[in-house]
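Asks: Got a predicted model here, sequence first, then my questions.
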Amino acid sequence: MGPIPAPENFELVTLPMPEPGEGQVLMRTHYISIAPGVRPLLPYAGAEPDVANDGSAGRVDASADALPDPTRIKVGERMRAGIVPSMSPFAGGTVGQVIASRHPGFAPGDYIFGGRYWQDYEVVDGDASLRLDLAELPIEADLAVVGRSAFTGWVGYRHYCAARKGEVMVVSAVAGAVGMLVVQMAKADGLTVIGIASGAEKCRFVTGELGADACIDRTQGNIGEALDRLVPAGIDIYFDNVGGAIQRQVFDRLKPFGRLLICGMAAEYGGMEHSSLPTGLILAKRLRIQGFVVLDHDDEYPRFRADIAAMWRAGQLVYRQEIYEGLEQAPQALAACLTGRNSGGKILVRVCG
């Protein structure tokens, strides 16, 4: 498998209908979430990029862990959209409708969040799933506006940015599922926000609909020069969703006491780009570099959901979705997500419904 998984790397197969066991439900998948973070889980043709693991030797026995080794989906295994296995009700990657239930909290016809695989039908643990109220939000919202990616943006901004009115924030992959939310929260707090995106269409969306002060098209010209022109006094916060070659250009323009939030490394997941950070400058500028993993904040998901759902119902939030039709389109959707060759927004695959 090359840096970007291609459709020919996947096979669509037909298997017998699964049967739910005690405490489980059978769901029919309606939507699948597509996110760049799945790439490090897949095999690589050659040596893995460092981002695929932390370089540690690991432990002899991890069988009792609540979460599996996240560095591998083996050839021949089902493709995943969520963390597998997991007893967290917030770690799924698909939504759908209950077909059969052996769990007291679910009945046939209920809508559910909790699937983890690219498939039409899936058996899920009821205790690790959420029953959805479509009167509150549309079913796909739990993969989009209140989904894992949006939750990641909310956690990163609320917990780690320490943003103050009047500061300058740069957000990479700004038209994506995380960036969309971060921009709007930062603007609501009175920050100047500069986005970085792929293509003129995304940049128009970022400034025209999300409200960013400017957006740099990373496919055109020099990002560093554009930043010097737009924010000559420097940058207070860089909310980094991509890593790679862009990172250093923004990093070099951080002000003293600036903050670098490392949320994602989409540009490095395929091993095509790399970044390096100079420790001398980190020391001289007393910078705080913060990596974070949203799994550490699952207890806050209900508060996030209530916060964002209220903003959504009040018409205070813009959130774009790009939908691919049919399970067979999932590989193409993943390739578009990893290359930025999409129109912006959260990428979903509609399986049915």
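Replies: Okay, I see it.
Asks: which residue packs closest to L41, ignoring adjacent ones?
Replies: What sits nearest to L41 in space, not counting adjacent residues and going by C-beta to C-beta, 6 or more residues apart in numbering, is I73, at 4.8 Å. Glycine gets a C-beta too; all of them are placed from N, C-alpha and C.
Asks: dump the residue contacts of the one you found.
Replies: 41-43, 79-80 (C-beta atoms under 8 Å, 6 or more residues apart in numbering).
Asks: Can you classify L261 as helix, strand or coil?
Replies: Here L261 is recorded as strand under DSSP: H, G, I helix; E, B strand; the rest coil.
Asks: ok, now how distant is it from R28?
Replies: Noted for L261: a distance of 38 Å to R28, by C-beta to C-beta, to the nearest Å.
Asks: And K165, by the same measure?
Replies: From K165 across to R28, the span is 47 Å (C-beta to C-beta).
Asks: Mind checking which of the two has more residues around it?
Replies: Neighbours per residue (other C-beta atoms under 10 Å) separate K165 from R28, with R28 holding more: 17 against 8.
Asks: So the more buried one is in contact with A100, correct?
Replies: No - here R28 lies out of contact with A100, judged by C-beta atoms under 8 Å, at a distance of 10.0 Å.
Asks: before we move on, which element is V25 in?
Replies: strand 24-34 (DSSP states H and E).
Asks: May I see the buried residues of that strand?
Replies: 24-34 (16 or more other C-beta atoms under 10 Å).
Asks: from the residues you listed, which is closest to D296?
Replies: Each of these was scored against D296 by C-beta to C-beta, and S33 proved nearest at 19.7 Å.
Asks: Now do that closest one, the pLDDT please.
Replies: On pLDDT, S33 comes in at 94.
Asks: quick one, what contacts it?
Replies: 81-82, 93-94, 143-144, 147-149, 346-348.
Asks: nearest residue to it other than its sequence neighbours?
Replies: Nearest residue to S33, sequence neighbours excluded (C-beta to C-beta, 6+ apart): L143, at 4.1 Å.
Asks: show me what contacts that neighbour?
Replies: When contacts are counted by C-beta under 8 Å, 6+ apart, L143 touches 31-33, 93-95, 113, 346, 348.
Asks: Mind checking what secondary structure Y238 has?
Replies: When classified by three-state DSSP, Y238 comes out as strand.
Asks: one step back: among the contacts of S33, which are in helices?
Replies: Using DSSP state H, the subset of these located in helices is 148-149.
Asks: can you pick the most crowded of the contacts of S33?
Replies: Most neighbours among those, by other C-beta under 10 Å: L143, with 30 neighbours.
Asks: Could you measure from it over to G345?
Replies: For L143 relative to G345 (C-beta to C-beta), the value is 12 Å.
Asks: Give me the spatial nearest neighbour of the residue nearest the centre of the chain, chain neighbours excluded.
Replies: Residue closest to the average C-alpha location in the chain (C-alpha atoms, centre = their mean): S149, at 3.6 Å. Nearest non-adjacent residue to S149, counting by C-beta to C-beta, 6+ apart: A177, 3.4 Å away.
Asks: and if you look at A335?
Replies: Here the residue nearest A335, using C-beta to C-beta, 6+ apart, is I4, at 5.5 Å.
Asks: what do you get for I34?
Replies: Closest residue to I34 apart from its sequence neighbours, by C-beta to C-beta, 6+ apart: I347 at 4.2 Å.
Asks: Quick one, grab the pLDDT at the nearest residue to H274 once chain neighbours are set aside.
Replies: Once flanking residues are discounted, H274 sits nearest to E268: 6.3 Å by C-beta to C-beta, 6+ apart. On pLDDT, E268 comes in at 72.
Asks: go on, A52?
Replies: Per the predicted model, pLDDT is 41 at A52.
Asks: cool, V75 as well?
Replies: Looking at V75, its pLDDT reads 83.
Asks: Reduced to three states, what does the closest residue to it other than its chain neighbours come out as?
Replies: Closest residue to V75 apart from its sequence neighbours, by C-beta to C-beta, 6+ apart: P43 at 5.9 Å. Three-state assignment for P43 (three-state DSSP): coil.
Asks: What's the local residue count around P43?
Replies: 14.
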